[in-house]
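A.B. asks: got a predicted model here, sequence first, then my questions.
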Amino acid sequence: MIESSEGRILIMTSVEAERDAVLRGVGDNERVDVLLAGVGPVSAAIQTTKALQKETYSLVICAGIAGGFTEKAEIGTIAVATEIVSADLGAESPDGFIPLDDLGFGSSTRIVPEEHLVSALSSAIEAAGNITTIRGPVLTLSTVTGTAETTAALTQREPEAIAEAMEGYGVASAALEFGVPVLELRAISNPIGPRDRSAWRIKDALAALESASQVITEVF
Ligand SMILES: O=C(O)c1cccc(C(=O)CC[C@H]2O[C@@H](n3cnc4c(=O)[nH]cnc43)[C@H](O)[C@@H]2O)c1
């Protein structure tokens with residue numbers, strides 16, 4: 001167990017199916033609250049802020065399913081974010097996307113979880129067996145990527161990114177505001193690319209999310 005980690009843990013999921021999978025994994029543990037963030041970074045930031053105003057937590061985890069970048073994150077694997085990146089906060093230009101960081105508004109579009117927490121979580125999931133775990137930047141977008149063009153543009157902008165989802169940066173922004181460490185844990189449900197809902201393997205991803213969640217209270 002990580003030192004100084006006996007406090008309460010807040011886990012934010014976007015929808016009920018994800019919350020239920022995490023709850024099955026975590027089991028009955030009074031140190032852990034699993035709450036709904038809603039879909040998208042705005043709802044996630046609001047719901048996380050409300051939770052952090054009510055209760056003191058020592059760790060916040062954004063958990064759920066996600067799209068995986070092909071050949072980096074296969075369906076059913078677990079992605080643990082080394083960076084939580086707001087990938088669509090910025091401006092378009094004829095020369096390409098300009099992130100907010102480069103526009104001079106003095107704000108950052110990436111939040112970096114503590115390395116030892118990332119490492120502890122991903123190593124424990126791996127050690128539990130059966131689930132491949134990958135580490136890398138996880139993008140937060142307000143729109144699910146659904147074309148080859150957008151996939152290529154994101155890959156060019158964030159070549160190290162392994163996955164995309166819709167809440168991480170909102171959850172992490174709230175955690176940062178309250179000075180609480182944050183992690184993002186995602187089970188890959190679908191490939192990122194031209195929209196094909198029939199390729200989403202939500203059941204497999206929720207099963208992986210449940211298994212990965214089993215280690216959370218052992219580690220933290
Ligand atoms: O239909 C269902 O049974 C079902 C069960 C659990 C979750 C869902 C969702 O649709 C969750 C939406 C949630 O998933 C993230 N997500 C998943 N894949 C992607 C993606 O390719 N790009 C962006 N986000 C993705 C996202 O965080 C959504 O909030 C349905």
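C.D. replies: All right, it came through fine. Residues are numbered from 1 along each chain as shown.
A.B. asks: so which residue of this protein comes closest to the ligand?
C.D. replies: G67 (2.2 Å; CB to the nearest ligand atom). For the C-beta atoms, the positions are set from N, CA and C on the backbone; glycine is no exception.
A.B. asks: which one is that residue nearest to, not counting chain neighbours?
C.D. replies: I192 (4.1 Å; CB to CB, 6 or more residues apart in numbering).
A.B. asks: same question for A174.
C.D. replies: In space, A174 is closest to T48, 3.7 Å off (CB to CB, 6+ apart).
A.B. asks: okay, the residue of the chain most remote from its centre: pLDDT?
C.D. replies: Largest separation from the mean C-alpha position in the chain: P94, at 30.5 Å (CA atoms, centre = their mean). pLDDT recorded at P94 is 94.
A.B. asks: quick one: secondary structure of it?
C.D. replies: coil (DSSP: H, G, I helix; E, B strand; the rest coil).
A.B. asks: can you list the residues of this structure near the ligand?
C.D. replies: 14-15, 17-18, 39, 64-67, 141, 144-145, 164-167, 189-190, 192, 202 (CB under 6 Å from any ligand atom).
A.B. asks: restricted to helices, list those residues.
C.D. replies: Within those, residues falling in helices by DSSP state H are A17, E18, I202.
A.B. asks: gap between the second one and P137?
C.D. replies: Put plainly, it is E18. In this structure, E18 and P137 are 21 Å apart, going by CB to CB, to the nearest Å.
A.B. asks: more neighbours, those two?
C.D. replies: Using other CB atoms under 10 Å as the criterion, E18 and P137 rank with E18 on top: 28 against 22.
A.B. asks: need the pLDDT of that one.
C.D. replies: 98.
A.B. asks: circling back to that earlier point, wasn't the residue nearest to A174 part of a helix?
C.D. replies: Yes. Using three-state DSSP, the assignment for T48 is a helix.
A.B. asks: centre-most residue in the chain?
C.D. replies: By CA atoms, centre = their mean, the chain has its centre lying nearest to E184, at 3.4 Å.
A.B. asks: so which helix or strand takes in that one?
C.D. replies: Assigned by DSSP states H and E, E184 falls within strand 182-191.
A.B. asks: same thing with I125?
C.D. replies: Using DSSP H and E, I125 falls in helix 115-127.
A.B. asks: average pLDDT for that helix?
C.D. replies: 97.
A.B. asks: ok, now stretch 152-171?
C.D. replies: Mean predicted confidence for stretch 152-171 is 97.
A.B. asks: quick check: the residue nearest to the centre of the chain touching T82?
C.D. replies: No. If you go by CB atoms under 8 Å, E184 and T82 don't touch, sitting 9.4 Å apart.
A.B. asks: and whatever helix or strand L139 lives in, which strands flank it?
C.D. replies: Using DSSP H and E, L139 falls within strand 133-140. Strand pairing for strand 133-140, determined by DSSP bridges: strand 78-86 (parallel), strand 163-165 (parallel).
A.B. asks: what's the most buried one of these?
C.D. replies: Greatest average neighbour count among the strands paired with strand 133-140 goes to strand 163-165 (a mean of 28), per mean count of other CB atoms under 10 Å.
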